[in-house]
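Visitor: using only what follows, build the 3D model:
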Amino acid sequence: MTTIGTCRLYRPDPTSVGVDEQWGRAGVTAVRAPRSLVLCVHGEVDASNAGRLAGYVERHVAIAGTLVLDTSTVDFFGAPALAVLHRVDHGCARNGVRWRLVAGPALRRVMRACGTTGLPQSDDLPSALSELGSTPSPLR
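Guide: Next up is the predicted model:
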């Protein structure tokens, strides 16, 4: 039997790709590496801005050969925002994009408390890029 469902397909507006965004106390910066896109999240990610982060990442998955989501400078990561990481994982799998998560202390604490496993993680940004076969360079 054929599976029926809806699949979201993002065609990013070229003017919004790589543009840094800030949503309240959280934000993200995009850096392009030769075959990867690195999204560096900073600040406080909680239920009030998790949807905006998810949308930003989904727009960039459409152009990424491989993706690194770096949360090493996040000060607070709320448990409700963990759904964003699973959404990223499913979106990357659906689009054939390999990705790595660099979890900072705030995110690791929440992941431990919630028993979150199965996300492709790396210890730090250089390790993530090495595992994906890439090195960083400025996007612009």
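Visitor: isn't there a helix covering L67?
Guide: No. Checked against DSSP: H, G, I helix; E, B strand; the rest coil, L67 lies outside a helix; its state is strand.
Visitor: list the residues that contact it.
Guide: The contact partners of L67, by CB atoms under 8 Å, 6 or more residues apart in numbering, come to 36-39, 57, 60-61, 88, 92, 97-100. Placement of C-beta: from N, CA and C, glycine included.
Visitor: tally of neighbours for the spatially closest residue to it that is not a sequence neighbour?
Guide: Taking CB to CB, 6 or more residues apart in numbering as the measure, L67 lies nearest to W99, with 4.0 Å between them; neighbours along the chain are not counted. With neighbours defined by other CB atoms under 10 Å, the count for W99 comes to 24.
Visitor: any idea which element W99 lies in?
Guide: With elements taken from DSSP states H and E, the one containing W99 is strand 98-102.
Visitor: give the partner strands of that strand in its sheet and their orientations.
Guide: Based on DSSP bridges, the strands next to strand 98-102 in the sheet, each with its direction, are strand 66-77 (parallel), strand 121-122 (parallel).
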